[in-house]
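Trainee: Please find the sequence and the predicted model below.
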Amino acid sequence: MVNDYYEILGVSRQASAEEIKKAYRKLARKLHPDVAGPEAADKFKDVTRAYEVLSNPEKRQMYDLGGESALGGGGAGAAGFGGFQDIFETFFGAATGGAPRGPVPRGRRGQDALVRLDIELSEAVFGATRELQVDTAIICPTCHGSCCRPGTSPRTCEVCHGRGSVQRVTRSFLGQVMATSACSACQGHGTVIPDPCQDCSGEGRVRTRQTLRVEVPAGVDSGTRIRMTGQGEVGPGGGPAGDLYVEIREKPHPVFVRRGDDLHCTLPLPMTAAALGTVTTLDTFDGPREIDIEPGTQPEQVYTLRDLGVGHLHRGGRGDLHVHVDVHVPTRLDDRQRELLAELAELRGEVQPEPRLATSGSGVFSKLRDRLSGR
């Protein structure tokens with residue numbers, strides 16, 4: 001006999017998933033053996049089988065293409081009450097009948113942790129190895145995560161007999177339903193700890209302060225997070241440790257300013273050195289470096305020293321060092337200095353420099369020029 005699942009549920013072949021679900025719930029209320037009697041069991045089984053196929057998009061597509069035969073082992077012969085428990089879990093949120101779920105492991109993964117590490121700019125330039133103290137949870141050294149006092153062991157729960165779950169009968173629109181829930185006596189673990197470890201109070205972990213070595217790669221910047229797998233807190237019940245994240249904060253430097261992977265600094269230069277040219281020495285992170293100041297160097301002129309900046313994160317090479325020239329004009333001169341500068345100005349024709357005004361006829365500077373010239 002060929003079953004038409006759409007006809008069994010009383011829906012069209014274009015029915016939506018919500019329409020199929022509503023049709024199944026209506027028929028399930030009517031045909032459940034606890035409501036309609038044992039004689040309705042076969043019809044209830046057919047309705048359940050039809051819903052299991054049509055509520056699954058992949059199975060529904062296979063069924064539409066080739067009927068029950070296209071479902072193979074997952075069709076009429078296998079459906080039966082095979083998906084019955086999952087269907088009830090969808091409606092009620094609890095397992096019904098069938099085999100109860102197994103006990104929940106006592107050990108759970110620990111939490112991730114976040115700590116902050118202040119570093120110097122030089123450590124960001126080259127990378128560094130730092131030691132970091134963290135307050136964390138580790139495996140209890142007394143019970144080694146078993147949660148029990150040494151020499152004892154967990155005991156099977158007398159309420160659920162090690163299953164971790166208990167069954168109870170509840171009433172629903174389908175009549176009486178056997179529901180499964182976690183055992184409250186053992187919290188679903190299936191075992192109880194009759195004699196907990198005194199050092200960890202039965203948690204399988206203790207809190208302590210540890211010293212960890214952190215590899216800081218070159219190129220890190222403020223806000224960069226370094227992940228240290230398995231260095232976070234050990235979980236309850238001696239569960240696996242979470243991860244530790246180290247967030248970098250870079251301290252300001254008194255000389256160099258960082259912009260990306262490039263470094264910038266200001267070089268004070270006397271007016272005479274800027275005019276005549278000179279060779280000066282700059283202390284960098286790579287040691288002293290000479291800078292050849294060209295004659296006639298102007299204020300804010302920039303000299304670039306290649307590959308003396310910050311190392312690129314996770315790749316080779318480094319940024320550059322940019323040196324900004326700051327020409328200092330003397331503010332206090334003795335008589336001899338003033339005499340020499342005046343002589344230089346006379347030689348250069350700079351004794352009385354003339355202001356350069358705009359030449360536009362309608363501009364502000366043009367009006368000012370006309371007023372000064374008496375026009």
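Mentor: In hand now; what should we look at?
Trainee: C-alpha from now on. contacts and neighbour counts both.
Mentor: Will do.
Trainee: What ranges does the protein have for its helices?
Mentor: Secondary structure of the chain (DSSP state H): helices at 5-9, 17-31, 33-36, 41-54, 57-66, 76-79, 84-92, 121-126, 271-276, 335-347, 364-372.
Trainee: which one of those helices lies closest to residue 320?
Mentor: With C-alpha to C-alpha, the closest approach to residue 320 among the helices of the chain belongs to helix 121-126: 11.1 Å.
Trainee: ok, residues contacting the closest one?
Mentor: 216-221, 250-253, 285, 309-311 (C-alpha atoms under 8 Å, 6 or more residues apart in numbering).
Trainee: Can I have the buried ones of those residues as a PyMOL selection?
Mentor: In PyMOL, a selection of the buried entries from those looks like this (16 or more other C-alpha atoms under 10 Å):
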select buried, resi 216+217+218+219+220+221+250+309+310+311
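Trainee: check contacts around the residue nearest to residue 13 when sequence neighbours are not counted.
Mentor: Counting by C-alpha to C-alpha, 6 or more residues apart in numbering, residue 13 lies nearest to residue 6, which is 6.3 Å off, once chain neighbours are set aside. Applying C-alpha under 8 Å, 6+ apart, we find residue 6 in contact with 12-13, 50.
Trainee: filter those residues to the buried ones?
Mentor: Neighbour counting over the contacts of residue 6 (16+ other C-alpha under 10 Å) leaves residue 50 as the buried ones.
Trainee: Could you provide the contacts of residue 6 in a markdown table, with additional columns for pLDDT and distance to residue 113?
Mentor: What follows is the contacts of residue 6, written out as a markdown table (pLDDT from 0 to 100; distance: C-alpha to C-alpha, whole Å):
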| residue | pLDDT | distance to residue 113 |
| --- | --- | --- |
| 12 | 90 | 55 |
| 13 | 87 | 53 |
| 50 | 89 | 49 |
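Trainee: Of the contacts of residue 6, just say which sits nearest to residue 128.
Mentor: residue 50 (65.2 Å).
Trainee: Please tell me how far the residue nearest to the closest one when sequence neighbours are not counted sits from residue 59.
Mentor: Among residues not flanking residue 50 along the chain, residue 5 sits closest, at 4.9 Å (C-alpha to C-alpha, 6+ apart). Separation of residue 5 from residue 59 (C-alpha to C-alpha, to the nearest Å) stands at 12 Å.
Trainee: In terms of neighbours, single out the busier of those two.
Mentor: For residue 5 versus residue 59, neighbours defined as other C-alpha atoms under 10 Å are more numerous around residue 5 (25 against 19).
Trainee: I'd say that one and residue 52 touch.
Mentor: No: judged on C-alpha atoms under 8 Å, residue 5 makes no contact with residue 52 at a distance of 9.9 Å.
Trainee: rewinding a little: out of the contacts of residue 6, which is nearest to residue 337?
Mentor: Checking these against residue 337 with C-alpha to C-alpha, the nearest one is residue 13 at 103.9 Å.
Trainee: now the closest one: how far from residue 60?
Mentor: Distance of residue 13 to residue 60, given as C-alpha to C-alpha: 10 Å.
Trainee: and what of residue 141?
Mentor: Counting by C-alpha to C-alpha, the gap from residue 141 to residue 60 is 55 Å.
Trainee: For the two, indicate the residue with more neighbours.
Mentor: For residue 141 versus residue 60, neighbours defined as other C-alpha under 10 Å are more numerous around residue 60 (18 against 12).
Trainee: where's that one relative to residue 53, distance?
Mentor: In this view, residue 60 and residue 53 are 6 Å apart by C-alpha to C-alpha.
Trainee: what about the strands in the stretch 151-300 of the chain?
Mentor: According to DSSP state E, counting those that start in this stretch, the stretch 151-300 of the chain carries its strands in the segments 155-156, 165-172, 175-182, 191-192, 205-216, 225-228, 244-250, 257-259, 262-270, 278-284, 287-293.
Trainee: Return the most buried member of these.
Mentor: strand 191-192 (a mean of 22; mean count of other C-alpha atoms under 10 Å).
Trainee: ok now that strand, how far from the chain's centre?
Mentor: 36 Å (C-alpha atoms, centre = their mean, to the nearest Å).
Trainee: Can you spell out which helices and strands pack onto that strand?
Mentor: In terms of contacts (3 or more C-alpha pairs under 8 Å, 6 or more residues apart in numbering; DSSP states H and E), strand 191-192 is packed against strand 155-156.
Trainee: My read is that residue 249 contacts residue 119, right?
Mentor: Yes: when contacts are counted by C-alpha under 8 Å, residue 249 is listed as touching residue 119 (6.3 Å).
Trainee: Mean pLDDT per element in this structure, and the minimum belongs to which helix or strand?
Mentor: Here the helix or strand of the chain ranked lowest by mean pLDDT, DSSP states H and E is helix 76-79, holding a mean of 40.
Trainee: low-confidence ranges in this structure?
Mentor: Applying pLDDT under 70 to the chain flags residues 1-2, 34, 69-70, 72-101, 170-178, 351-375.
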